[in-house]
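1. Please work out how this folds:
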Amino acid sequence: MGTLRMILEEHRLYREQILLLAKSDLIKTYRGAALGWAWAVIKPMVTIFVFWFAFSVGLRSGKPVDGYPFFLWLLAGFLPWFYMQELIVGGAGCIRAYSHLVTKMKFPVSIIPTYYNISHMYTHFALIAITVFVFVCFGYMPDIYYLQLPVYTLLMFAFFTVWALLSGLLSAISKDFQNLVKAFSSAIFWLSGILYDVDKIHNRWIRLLLKFNPVTVIASGYRKVFIHKEWFWEDKVEIMCYFITLTVFTLAALWAYKKLRKEIPDVL
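-> Numbers count the residues shown, from 1 in each chain. Below you'll find the predicted structure:
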């Protein structure tokens, strides 16, 4: 609890710097590009189009889901993935990427994962707006289930802030951990229900195991908002699995921060 209080106090003291650094990081990402911020949308749209073409045109397996075109079902699941993908790999390397803040000035290590996370959340909000617009263009207006979007966004933000802190610390100590994360990033995508419905897997043990993956829970949650029209509390097992995983990773991140906080500047 002492470590948690320390991290919360660091965030309280540096709350203004967190937002300024997040904004600066976002601007730096697209600085120098002719299309600027448009790349934040172009890259996800190209990816969605490729998968839609492969499944709907190439394999001809893109059937409507709950009355919605397969393209919209695919879009709803991919929406959070673009954010999560950036945080899985980028979060693991964020402390190394911004090592100058730790080595050249007295800056709390715990702040780096948070502002890195927030900088990518700005892009995610833009993609949410575009997704809602696409659904409206297809004739599907926002409804009461859209009130769940902040809930799933907050759950996603919470887990990947913890993940970025834990993986960032371990990667700062050893580059091998960061390389391991990169190696498994593709596996996480294919095992997370982005391209299929986990609830339709017949083996209940495999189905339960996959629900301990927060990527699966969040992707499923966004589809409940846009496609399936279900409330987040209806699947109690899914929510319970998410919070168990979040608790385990939080405890691991607190332990790692307590043990490695003072060593990070010397290692970097």
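2. measure Lys262 to Leu169 for me?
-> According to Cβ to Cβ, to the nearest Å, Lys262 and Leu169 sit 12 Å apart. Where C-beta positions appear, they are placed from N, C-alpha and C, glycine not excepted.
3. Those two: which is more packed in?
-> Shown here are Lys262 and Leu169; by other Cβ atoms under 10 Å, Leu169 has more neighbours (26 against 9).
4. Check which helix or strand the residue nearest the centre of the chain maps to.
-> Central residue of the chain (Cα atoms, centre = their mean): Met84, 2.5 Å from the mean position. Secondary structure assignment for Met84, by DSSP states H and E: helix 70-97.
5. sorry, back to before: is it true that the residue nearest to the centre of the chain touches Gly221?
-> No. If you go by Cβ atoms under 8 Å, Met84 and Gly221 don't touch, sitting 11.9 Å apart.
6. mind listing the strands for this protein?
-> Per DSSP state E, the chain carries no strands over any range.
7. residue boundaries of the helices in the stretch 101-250 of the chain?
-> Applying DSSP state H, counting those that start in this stretch to the stretch 101-250 of the chain gives helices spanning 111-137, 149-173, 175-190, 204-210, 214-223, 236-260.
8. The ones you listed: which one's closest to Asp143?
-> With Cβ to Cβ, the closest approach to Asp143 among the helices of the stretch 101-250 of the chain belongs to helix 111-137: 10.2 Å.
9. Point out the other helices and strands that that closest one packs with.
-> helix 2-13, helix 15-30, helix 39-52, helix 70-97, helix 149-173 (3 or more Cβ pairs under 8 Å, 6 or more residues apart in numbering; DSSP states H and E).
10. buried ones in it?
-> 111-121, 123-124, 127-128, 130-132, 134-135 (16 or more other Cβ atoms under 10 Å).
11. Check the helices and strands packed on helix 111-137 for me: which has the lowest mean pLDDT.
-> Comparing mean pLDDT across the helices and strands packed on helix 111-137, the weakest is helix 39-52, with a mean of 70.
12. tell me the angle it makes with helix 15-30.
-> Relative orientation of helix 39-52 versus helix 15-30 (axes from the mean of the first three to the mean of the last three Cα atoms, to 10 degrees): 60 degrees.
13. Return helix 39-52 as CSV; C-alpha atoms alone will do.
-> Extracted C-alpha coordinates of helix 39-52, given in CSV (Å, rounded to 0.1, in the frame of the first residue of the first chain):
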residue,chain,number,x,y,z
TRP,A,39,-2.3,9.1,-40.4
ALA,A,40,-4.0,8.4,-37.1
VAL,A,41,-7.1,7.4,-39.1
ILE,A,42,-5.5,6.2,-42.4
LYS,A,43,-3.5,3.4,-40.9
PRO,A,44,-6.5,1.8,-38.9
MET,A,45,-8.8,2.2,-41.9
VAL,A,46,-6.4,0.5,-44.3
THR,A,47,-6.0,-2.4,-41.8
ILE,A,48,-9.8,-2.8,-41.4
PHE,A,49,-10.3,-2.7,-45.2
VAL,A,50,-7.6,-5.4,-45.8
PHE,A,51,-9.3,-7.8,-43.3
TRP,A,52,-12.7,-7.0,-44.6
